[in-house]
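>>> for reference, the sequence and a predicted model appear below.
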Amino acid sequence: MARGPLAFQLWISVCLLLFFRARCFYLPGVAPQDFQNGDPLNPKVNKVTSTKTQLPYSYYSLPYCRPEHIVDSAENLGEVLRGDRIENSPYEFKMREPQMCNVVCHVTLNAKTAKEFKEKIDDEYRVNMILDNLPLVVPVPRPDQENSLVYQHGFHVGLRGQYAGNKDEKHFINNHLTFTVKYHKDPMTESARIVGFEVKPFSVKHEYEGEWSKKTRLTTCDPHAKRTVTSSESPQEVEDKKEIIFTYDVEFQESDVKWASRWDTYLLMADDQIHWFSIVNSLMIVLFLSGMVAMIMLRTLYRDISKYNQLETQEEAQEETGWKLVHGDVFRPPSNSDLLCVYVGTGVQFFGMILVTMLFAVLGFLSPSNRGGLMTVMLLLWVFMGLFAGYSSARLYKMFKGTEWKKITLKTAFMFPATVFAIFFVLNALIWGEKSSGAVPFGTMFALVFLWFGISVPLIFVGAYVGFRKPAIEDPVKTNKIPRQVPEQAWYMNSAFSILIGGILPFGAVFIELFFILTSIWLHQFYYIFGFLFIVFIILIITCAEITIVLCYFQLCSEDYLWWWRSYLTSGSSALYLFLYAAFYFFTKLDIKKPVSGALYFGYMLIASYSFFVLTGTIGFYACFWFTRLIYSSVKID
């Protein structure tokens, strides 16, 4: 009796270990850089983003101040797919040398540029910048907690408002930026490392005397008179023929935060205790249900097998009912067996990719500081896991007495990727039509096609060749030549009903975590609770396997031996609930109005749901495959 509580305590210990490991530790992804007093710092500009449109744009797509030469930073595959466009900026910082009221440039708007700024202000676009690989954040006090801050990514392009006594709404641009660079000083060497990058944006209508020139001194912001911008009382309006002067301040603050912990502020910016309690509560409920299911199944099966093995007379054998009665048909190849082999192979490819990605993420190799690393690693792992996809599909195909292994290999190599690539291509065309920086350029598209055709497809063929050369998997019982007629089933054993019911529990294992994943993707927040995500993934595997085994057992007991496809669809139906939840999230949490943005959301969520279907369906299939082989090899078949 002591083994149960001991196993439970061990499980909890592992969960807590993974949680604290993922929450408190990460490998930074870049080497620390030491700066001496007066060393130049190079702030860079990134894309401008909006949660209302989900369409990123390059910083210089807007008529902002430009440096003499715009230099693109080298970006990895993941960054390009995310729409990142990292470029140098006209802002000039020097380590631990404060600056006040530096003028960046003087711009006079025309009708076109004023319209561009107004559109971005209406859509609540935010400007993203980077300093020493740290993203720019705006500290905002939390209304529900005193002396507590929330850090928002980037600053708004501008805002809309009204003058006192005037009902007309105007657009105002944030043209003065007060940067705060936080640093941690080494007392031994006097060098310092950057540990924070914050900004307070202001909209200020700068004034000056006489004609404008590079030497003109502002009356609203003057370092000589120690006059600084502290509010937006006289904001800068955005209209045709309006002149805008862009200025900035730089402050330096010494911080006790060490360089290795500098990302903690960003990673924990939206955490509430309710988040953790909700996840733990969900996991414990799913774990409890899974334990109950496993206990019921083991006891029921043990009784059934004992009873069947004690049958001595032929009369008793003829009176048997239930799952043993269909032993001559249970391993009969299903209809559309080729398609099942393809989906199983693709599911194995997905499972391998996600499992290895999770392990890397939990160990800290895929922290957000390694920009674009997560997506790059997932793509590469998907390509190399093609080896296992080909092997799995070919092994199953040979068990079904298939002979044309090249045909099944081609289907495995092209069916799922081609479907996803077609959807992705259409979505990319929509993004390109909006002239967004999120559109994947031709060179990157060519690289994706090369990864697919040049690496993934050959690896799938190698795996299939190896798998097909292996001896065929032998069935534990012989299959009758004439198929047995399936008796009429009760309404609750109807295939459609049981498939839909089977997807509820796997979805229930992930839907709380799904909320935070969707929030991080579509509301542009960092996601870094990979420890919990890994635990949820393990729970998902257990839940998919057990719910499929239970429903498969009930199906066989009712003398329905057509379990192959149903085992795949039972757990795979959780993808339907995932897509429905994504639709619910869209209408309740997001403020997307543009048809293109809506099409992007549902297009990408369709790809995610399709992938989830392939993954969970394969887990359920293999669990049921193992279960049926186990029970039919454990009884005496006359």
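Good, I have the coordinates. Numbers count the residues shown, from 1 in each chain.
>>> where exactly do the helices run in the stretch 251-400 of the chain?
264-267, 273-309, 314-318, 337-362, 373-384, 386-399 (DSSP state H, counting those that start in this stretch).
>>> which stretch in these has the least confidence?
For those, the weakest mean pLDDT is recorded on helix 314-318, namely a mean of 47.
>>> tell me the secondary structure at Tyr527.
The three-state label given to Tyr527 by DSSP: H, G, I helix; E, B strand; the rest coil is coil.
>>> please report how far it lies from Leu630.
Going from Tyr527 to Leu630 by C-beta to C-beta, to the nearest Å gives 38 Å. Heads up, the C-betas are built off the backbone N, CA and C, glycines and all.
>>> comparing the two, which residue is more hemmed in?
More neighbours surround Tyr527 than the other of Tyr527 and Leu630, with 17 against 13 (other C-beta atoms under 10 Å).
>>> wait, that one sits on Ser520?
Yes. With contacts counted by C-beta atoms under 8 Å, Tyr527 reaches Ser520, the gap being 3.6 Å.
>>> give me the domain ranges for this structure.
39-262, 335-474, 508-637 (the TED database).
>>> save those as a markdown table, and put in distance to His327 too.
Output for the domains of the chain, formatted as a markdown table (distance: least, C-beta to C-beta, whole Å):
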| stretch | distance to His327 |
| --- | --- |
| domain 39-262 | 50 |
| domain 335-474 | 15 |
| domain 508-637 | 6 |
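>>> which one of the ones you listed lies closest to Met284?
Closest to Met284 of the domains of the chain is domain 508-637 (C-beta to C-beta; 9.9 Å).
>>> pLDDT of the closest one, averaged?
Domain 508-637 shows a mean pLDDT of 88.
>>> centre of the chain to that domain, how far?
Computed by C-alpha atoms, centre = their mean, to the nearest Å, the chain-centroid distance of domain 508-637 equals 15 Å.
>>> could you give the mean pLDDT of the strand or helix carrying Ala464?
Per DSSP states H and E, Ala464 falls inside helix 457-469. Taken as a whole, helix 457-469 has a mean pLDDT of 93.
>>> what residues sit buried inside it?
The neighbour-count check on helix 457-469 (16 or more other C-beta atoms under 10 Å) flags Val457, Leu459, Ile460, Phe461, Gly463, Ala464, Gly467, Phe468 as buried.
>>> who are the neighbours in contact with Ser290?
Ile539, Ile542, Thr543, Glu546 (C-beta atoms under 8 Å, 6 or more residues apart in numbering).
>>> from these, which ones fall inside helices?
If you go by DSSP state H, those have Ile539, Ile542, Thr543, Glu546 in helices.
>>> among the residues you listed, the buried ones, what's the ChimeraX command?
Buried subset of these, written as a ChimeraX selection, criterion 16+ other C-beta under 10 Å:
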select :539,542,543,546
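>>> send the alpha carbons of stretch 186-204 over as PDB?
Taking Å, rounded to 0.1, in the frame of the first residue of the first chain, the C-alpha atoms of stretch 186-204 are listed here in PDB:
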ATOM      1  CA  ASP A 186      31.900  45.400 -11.100                       C
ATOM      2  CA  PRO A 187      33.700  46.900  -8.100                       C
ATOM      3  CA  MET A 188      37.000  45.300  -9.000                       C
ATOM      4  CA  THR A 189      37.400  46.500 -12.600                       C
ATOM      5  CA  GLU A 190      34.900  49.500 -12.700                       C
ATOM      6  CA  SER A 191      33.400  48.000 -15.800                       C
ATOM      7  CA  ALA A 192      29.700  47.600 -16.000                       C
ATOM      8  CA  ARG A 193      27.100  45.400 -17.700                       C
ATOM      9  CA  ILE A 194      23.700  46.400 -18.900                       C
ATOM     10  CA  VAL A 195      20.800  44.900 -17.000                       C
ATOM     11  CA  GLY A 196      17.800  47.000 -17.900                       C
ATOM     12  CA  PHE A 197      16.500  49.200 -20.800                       C
ATOM     13  CA  GLU A 198      13.400  51.300 -20.000                       C
ATOM     14  CA  VAL A 199      11.700  54.300 -21.600                       C
ATOM     15  CA  LYS A 200       9.100  57.000 -20.700                       C
ATOM     16  CA  PRO A 201       7.600  58.400 -23.900                       C
ATOM     17  CA  PHE A 202       6.200  62.000 -24.100                       C
ATOM     18  CA  SER A 203       4.400  64.000 -26.700                       C
ATOM     19  CA  VAL A 204       5.800  67.500 -26.700                       C
END
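>>> enumerate the positions of that stretch that are buried.
For stretch 186-204, by 16+ other C-beta under 10 Å, it's 191-204.
>>> can you count the residues close to Gln162?
The burial count for Gln162: 10, using other C-beta under 10 Å.
>>> quickly list what it is bridged to.
Beta-bridge pairing of Gln162 under DSSP bridges involves Glu169.
>>> thought Met129 was touching Leu136?
Yes. Met129 is within contact range of Leu136, at 4.0 Å (criterion: C-beta under 8 Å).
>>> what's the overlap in contacts for these two?
Shared contacts of Met129 and Leu136, defined by C-beta under 8 Å, 6+ apart, comprise Gly154, Phe197, Val199.
>>> for burial, what's the neighbour tally of the first one?
For Gly154, the count of nearby residues is 21 (other C-beta under 10 Å).
>>> in the sheet, who's paired with the residue lying closest to it once chain neighbours are set aside?
Nearest residue to Gly154 in three dimensions, chain neighbours excluded: Arg126, at 3.7 Å (C-beta to C-beta, 6 or more residues apart in numbering). Residues in a beta bridge with Arg126, per DSSP bridges, are Thr49, His156.
>>> and Arg126, how far from Gln555?
On the measure of C-beta to C-beta, Arg126 and Gln555 end up 53 Å apart.
>>> so these two - more neighbours on which side?
Each of Arg126 and Gln555 has its neighbours counted (other C-beta under 10 Å); Gln555 has more, 24 against 20.
>>> grab the nearest non-local neighbour of the more buried one.
Trp563 (5.8 Å).
>>> picking up where we left off before, taking the buried residues of stretch 186-204 together, which two end up most distant?
Within the buried residues of stretch 186-204, Ser191 and Ser203 form the most distant pair, 36.9 Å apart (C-beta to C-beta).
>>> show me which residues of stretch 206-213 are buried.
By neighbour count on 16+ other C-beta under 10 Å, the buried set for stretch 206-213 is His206, Tyr208.
>>> okay, that stretch in PDB with CA atoms only?
The C-alpha trace of stretch 206-213 is given here as PDB (Å, rounded to 0.1, in the frame of the first residue of the first chain):
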ATOM      1  CA  HIS A 206       8.900  71.800 -29.100                       C
ATOM      2  CA  GLU A 207       9.400  75.500 -29.500                       C
ATOM      3  CA  TYR A 208      12.400  77.500 -30.600                       C
ATOM      4  CA  GLU A 209      13.200  81.000 -31.700                       C
ATOM      5  CA  GLY A 210      14.100  82.100 -35.200                       C
ATOM      6  CA  GLU A 211      14.800  79.900 -38.200                       C
ATOM      7  CA  TRP A 212      15.500  76.200 -37.600                       C
ATOM      8  CA  SER A 213      19.100  75.000 -38.000                       C
END
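>>> pLDDT (mean, whole number) over it?
Stretch 206-213 comes out at a mean pLDDT of 82.
>>> quick revisit: for Leu283, find the nearest of the domains of the chain.
Among the domains of the chain, the nearest to Leu283 by C-beta to C-beta is domain 508-637 (5.8 Å).
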